[in-house]
Structures are given as C-alpha cells and as structure tokens.
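In: Fold the following, please.
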Amino acid sequence: MVGTKQVRHLYWGLGPGPPTTISGVILALIVQKFGGSSVADAESIKRVARRIVDTRKAGNEVVVAVSAMGDSTDELLDLAHQVTPLPAPRELDMLLTAGERISMALLAMAIKSMGYDARSFTGSQAGMITDASHGSARIVDVTPGRIRDALDEGAVAIVAGFQGFNRDTKDITTLGRGGSDTTAVALAAALGADICEIYTDVDGVFTADPRVVPNARKLDRISSEEMLELAAAGAKVLYIRAVEYARRHGVTLHVRSSFNNNIGTIVFNADTARANGETVEEPIIAGIAADLSEAKVTVVGVPDIPGKAALIFKIVAKTNANVDMIVQNVSAAATGLTDISFTLPKSEGEKVLTALTNEQINVGFASLQYDDQIGKLALVGGGMRTNSGVSAKLFEALYEAGINIEMISTSEIRISVVTRADTINEAMRVVHTAFGLDGDVPVTVHGGTGR
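Out: Down below sits the predicted model:
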C-alpha cells in the first residue's frame, strides 16, 4: 500500500493531460480489468495493449485481468449443450476457462510486440484459490507470489479472469458471471494495489442504463454502498460480487471506457473517506436500475397462523434459491387465509415450484402461481436517509405514466418496485426525468453489454 513501499510515479488515469492523483495520494500499482467487448478481436486486443503499455510507460506497475474475447464464453456454452443437454460441471469449467486463456496469451503477445515484457497466467498460476463449487466458485484465498515476482522483474502480469483452483480437489473452477471483475478486485486487494480500473464500453457509472435512458448522466463519484445497491438491482456496469469484495477489502474502483481516455467514475468507500476527514456529499438519488431476470411466485391460500411463512421459506431455502422481495397480504377474515408472494431468479423458479408442490399437504396452501413477466425497478441514493418525499415522487411518476406497482420493498438507501416487464423501460425513463437526473447530451455506447 502507499506509505509502505517506494512510490515512483503518479496515477495516470483520470483523463487527458499529465499524470494525476486521487485525493492527493500518489499511486503506484494499478490493476486493470478488460471485459469481452474490449478484447473482441485482434484490433481491439492491440488497442487494449497500447493502453496498458501507456500505463506502464508512466512508470506504473500493472496487473491486468482479462475476460474471454467477445461472446466466446456464450459460444462455448452453446457448443457444450449441443454435445449434451447436461454438461458435467467439472468438464464445463475446463471448457469455459479456455476463453480467458486465449485472450490472456494474445494480449501478452501484443504487449511484447510493443517492446514491453508481459507474462500471462491462468487463475491457478496467479494464486486464485476457490472452493470446490463448479460454475459458481467463491474465492477463499489469493496467493499472488508469481504475479509479484513478475512485477518485480519489470513485467506486466496478464491474468485470466473468471477462473481459479481448488486445493482439495485439484480441479479448475470458474467464478460465475462477472468472475473477471471479481478476479481483478481480489488481485488488487491481495497485492495492495492503489486502484482497480474496470474498463467497459461506456464512460463510467451512469444514473441509468444508457441503452434504455439515452440522456443518463455520468457520475464522477459514487459510494460503494450505493453501487452495491445498484448492482444488486440489476445495474450491468459492475457485478455485485466484485463490489462486495472491493468494499470489504477497501479497494477503490475506477470505472472507465476502454474506447477513450475520458474521466470515469470513482467507486469509493464513504466510511473510509469520512474517517480520513473528507466531506462526503451524498446525492438524494444516485441512480436507477432495472432487472428483468426475476420471476414472482405466489403461494395462494396459506393458513394465517404462526409458523407457516417459516415453513414455506425453509422449503425454499433447501433449494438454495436466492429470494429477493417478499410480500404477505392481509388475511381474509372470512377464511383465515392469506397469500404470500416473493421474487427470485427465473433460473431457480422450476426447482422452487417443485419443492413447494411436494410439500403442499404439509404447508396447507391452496395453489401456486408463477409469473415470469415482471420487471424490478430500483431507486438508489444515500441522501434518502435525510430527505423525505422520495417514495411519493416515485409513485406519482409511475401513476402519471399509467404504470401499475405490484410489489414494494425498501432499504435505508433504496426503494424497489415490481411492475410488468413490458413497462419497465418506460418506467425507468419517466422516473429518471421525475428526479431531475436527465443529462443534456446522449450517451455514446461503443458496443457489448456495458460490462
């Protein structure tokens, strides 16, 4: 960390011009992450290599986590399912990690051709130790000895994202969607990096998805707490696991475009900033996010007596499904029955319905309803803690647009509502305007998914 090693240079990264600093701190070690759209083809790889070399020329030590090229991971998944409808998890991980190995090697070659040393490492070679869960492994330790050795010898270290190694089984594992972001943050934490740059195909974190709200505004700064809520609500620019890891380990993120040198968005820890004496002015609303990946399950006719809700969600928990919003209706006086609705990922809907159906007699409910045509809209802002009227303005904006609210959930800095999937984009636009978040210039999106 700064203060414990010799500082030789400044952080080059907050836009055009000479090297600069963040909050007056001179930076030394930079971790960069480039997603699939940034390395989609040979020309893109060479463009990324030039950016990395520019960072190295400025005197920085550079570690790079890279994703598979373009949509190659999805193509490998499709190929696996053409061979068998149920690919073996271990072999699927072996297959999917090939994509990142290709891009890391090509990127190292491109950097070497520009006269700078670069060495590529798989996740296991980089010391990414995970549990044994194929397809969704979690990092349990990072031992980046080989990465540190490469840096000490003046090389750029290129690490395959999305993958790791389990010590017990000796198997290769993958981290699931967003794994390359998590790889970059984990490396930054383990190496004591001074910044972790996440390169994407937009210029930073915006007040809304610019593909849906073209006049969304870029945020110069956002707290990790707000970013965590936005990521959980469906914002695609950063994955929730990476934001969680960064917040837990004190890693500052810088979200930037790989297609230009524009100033990006700093994701900072507000508690750390306050502890350092900085004034943190939190906006009432930092941004809006939407999610179309969830479905709603309604358990109809549940006896309104103590223990029934606990029993229902104990059954759901056994399926390892991730429940999001929960609403229980008022009991009908005539029948003593109530309905309980909850949302969960569509991918987990079938197993939850099966589990509940198998226990219908024990629970005593009348029937199940499943709705996969819903959308979730979330409004996030640290300033909600001290400002009233946010809910009223949100509900009024949706009412005036003729959009019905089916479920409501809140936290200290977030309000989420469920509506129909086919109205979610319109809901985003009207709410964005209602809270004065619109910018003056349409956002340029260079390609890909925004990740």
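In: can you pull out the strands in the stretch 251-400 of the chain?
Out: Shown for the stretch 251-400 of the chain, the strands assigned by DSSP state E, counting those that start in this stretch span residues 253-257, 265-268, 287-291, 294-303, 326-328, 337-345, 367-371, 374-380.
In: and these as TSV, adding mean neighbour count and distance to residue 352?
Out: C-betas here are computed from N, CA, C, even on glycine. Rendered in TSV, the data for the strands of the stretch 251-400 of the chain read as follows (neighbours: other Cβ atoms under 10 Å; distance: least, Cβ to Cβ, whole Å):
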stretch	mean neighbour count	distance to residue 352
strand 253-257	24	34
strand 265-268	24	33
strand 287-291	25	18
strand 294-303	20	6
strand 326-328	15	13
strand 337-345	20	6
strand 367-371	14	9
strand 374-380	25	15
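In: wait, which of the ones you listed is closest to residue 116?
Out: strand 253-257 (20.6 Å; Cβ to Cβ).
In: circling back: so can I have a markdown table of the strands of the stretch 251-400 of the chain showing mean pLDDT?
Out: Below are these laid out as a markdown table (pLDDT from 0 to 100):
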| stretch | mean pLDDT |
| --- | --- |
| strand 253-257 | 93 |
| strand 265-268 | 93 |
| strand 287-291 | 95 |
| strand 294-303 | 96 |
| strand 326-328 | 92 |
| strand 337-345 | 95 |
| strand 367-371 | 97 |
| strand 374-380 | 96 |
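In: Distance to residue 147 added to those strands, as CSV?
Out: Below are the strands of the stretch 251-400 of the chain laid out as CSV (distance: least, Cβ to Cβ, whole Å):
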stretch, distance to residue 147
strand 253-257, 19
strand 265-268, 23
strand 287-291, 33
strand 294-303, 38
strand 326-328, 43
strand 337-345, 34
strand 367-371, 47
strand 374-380, 34
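In: and residue 107, which of those is closest to it?
Out: For these, the distance to residue 107 is smallest for strand 253-257, at 17.2 Å, taking Cβ to Cβ.
In: about what we covered before: for the strands of the stretch 251-400 of the chain, which one sits closest to residue 80?
Out: The nearest among the strands of the stretch 251-400 of the chain, by Cβ to Cβ, is strand 337-345 at 20.9 Å.
In: Can you dump the C-alpha atoms of that closest one in CSV for me?
Out: Only the C-alpha atoms of strand 337-345 are listed here, as CSV (Å, rounded to 0.1, in the frame of the first residue of the first chain):
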residue,chain,number,x,y,z
LEU,A,337,-56.2,-17.5,4.7
THR,A,338,-53.5,-15.2,3.1
ASP,A,339,-51.3,-15.1,0.1
ILE,A,340,-47.5,-14.8,0.2
SER,A,341,-45.6,-13.6,-2.9
PHE,A,342,-41.9,-13.5,-3.4
THR,A,343,-39.4,-12.9,-6.2
LEU,A,344,-36.4,-15.0,-7.2
PRO,A,345,-34.3,-15.5,-10.3
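In: Quick one: distance of it to the chain centre.
Out: Computed by Cα atoms, centre = their mean, to the nearest Å, the chain-centroid distance of strand 337-345 equals 26 Å.
In: I would like the residues contacting it, please.
Out: Identification of contacts with strand 337-345 by Cβ atoms under 8 Å, 6 or more residues apart in numbering yields 293-304, 309, 312-313, 316, 321-332, 352, 366, 374, 376, 407, 418.
In: Surely residue 407 and residue 417 touch.
Out: Yes. Contact criterion Cβ atoms under 8 Å: residue 407 and residue 417 qualify, at 6.8 Å.
In: More neighbours: which of these two?
Out: More neighbours surround residue 417 than the other of residue 407 and residue 417, with 25 against 18 (other Cβ atoms under 10 Å).
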